[in-house]
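*Asks:* What would the 3D arrangement of this be:
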Amino acid sequence: MLRLIKSDFYKLFRMKSFYICGILAAIFAGLGIFSLNTLDKAQYALYGLEDMFVSQYTGIYSITIGISSATLFITILVSMFVASEFKFGTIKNIVSRGIGRAEIYFSKYIITVFVSAVYTLLCASASFVVGCCIAGVGDFNRTVFLDMLEIFGLFLLAEIAIQSIFQMFGFIIRSTGWTIGTNIAIFAFLPTMVLNLIDMAVNNWLAPAVASIDWLSSWLKIENFSSNNYWPYPYLSEFTDVDILHMDFFQPILTRGLIVCVVYIVLATAVGVFTFQKRDID
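*Replies:* Coordinates of the predicted model:
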């Protein structure tokens, strides 16, 4: 297993796309902070309030915004890394040497976690530097430092939950182009289109039907149902809200988010390993 992990890291560090995607993620994170600051400044100028403008995007605050730029590039790299192993016949050669498929899957999973952590750190660093240049470091003390660590850990948990799903599709689809396309489509359209359609169906049709049945309505609470609550992507932004760490009002959101992310990690990994073990490798 250790040799397999070392081999995967060797292949990762030899991929030009690993460095290109990382650099692009950092650039987009920095540009995002700069753009938000410019937009705020323009809005103040629109109302003739230039003298009152004070940027809120300090280095510390910018971290919580900039790390969101990492997800797209992590998705692209994870999709490429997994699917290319099938394209070039690498996995077939590994399996022929008697290495277990579960070991192969978890070795790739370690790479997925590593890339998620590295790209998130790159985006955090880039946004911090740009934020410092615009508005200074901001308030920084022990409490803020611990909050930033907790936010980073929570964000990384949500990120790993999403990438667990994308790695699973990489092992199922096995084509680099189709894997990237499918995962980006899920990343871009599922939260905004598919889940909204599910919410409309449940709230407009299912909820009234359930409410008309007394015993069922008392057991099944689906009023104001939101499927976003049960998909890990929204928690990428939820977990970067400092208030969620300290205010009792937000604690149910934090608890639900932790449960949702852990469940997706377990389910996606179980499905990925199961399908990989059951299917032949061409």
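
*Asks:* give me the low-pLDDT residue ranges for the stretch 1-150 of the chain?
*Replies:* Along the stretch 1-150 of the chain, segments meeting pLDDT under 70 span 41, 44-55.

*Asks:* Swap in 90 and give it another go.
*Replies:* Counting by pLDDT under 90, the stretch 1-150 of the chain has low-confidence residues at 1-5, 7, 33-62, 64-65, 83-101, 131, 133-148.

*Asks:* Helices along the stretch 1-150 of the chain, start to end?
*Replies:* Under the criterion DSSP state H, counting those that start in this stretch, the stretch 1-150 of the chain contains helices at 2-14, 16-46, 59-66, 70-87, 90-96, 101-135, 142-173.

*Asks:* Quick one: list the elements packing against the last one.
*Replies:* What it means is helix 142-173. Contacts defined by 3 or more Cβ pairs under 8 Å, 6 or more residues apart in numbering; DSSP states H and E place helix 142-173 against helix 59-66, helix 70-87, helix 101-135, helix 176-189, helix 235-238, helix 243-246, helix 251-278. For every residue, glycine as well, the C-beta is placed using N, CA and C.

*Asks:* do the shortest one as well
*Replies:* Judged by 3+ Cβ pairs under 8 Å, 6+ apart, helix 90-96 is in contact with helix 70-87, helix 101-135.

*Asks:* Repeat that for the third one.
*Replies:* For helix 59-66, the packing partners by 3+ Cβ pairs under 8 Å, 6+ apart come out as helix 16-46, helix 101-135, helix 142-173.

*Asks:* Just send the ones you listed back as a markdown table, with mean neighbour count and distance to Ile198 too.
*Replies:* Formatted as a markdown table, the helices and strands packed on helix 59-66 follow (neighbours: other Cβ atoms under 10 Å; distance: least, Cβ to Cβ, whole Å):
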| stretch | mean neighbour count | distance to Ile198 |
| --- | --- | --- |
| helix 16-46 | 17 | 29 |
| helix 101-135 | 20 | 27 |
| helix 142-173 | 20 | 17 |
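
*Asks:* okay, those in TSV with distance to Asn196 next?
*Replies:* Formatted as TSV, the helices and strands packed on helix 59-66 follow (distance: least, Cβ to Cβ, whole Å):
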stretch	distance to Asn196
helix 16-46	25
helix 101-135	27
helix 142-173	18
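
*Asks:* Looking at those, spot the one closest to Thr179.
*Replies:* Closest approach to Thr179 among these is made by helix 142-173 (4.6 Å; Cβ to Cβ).
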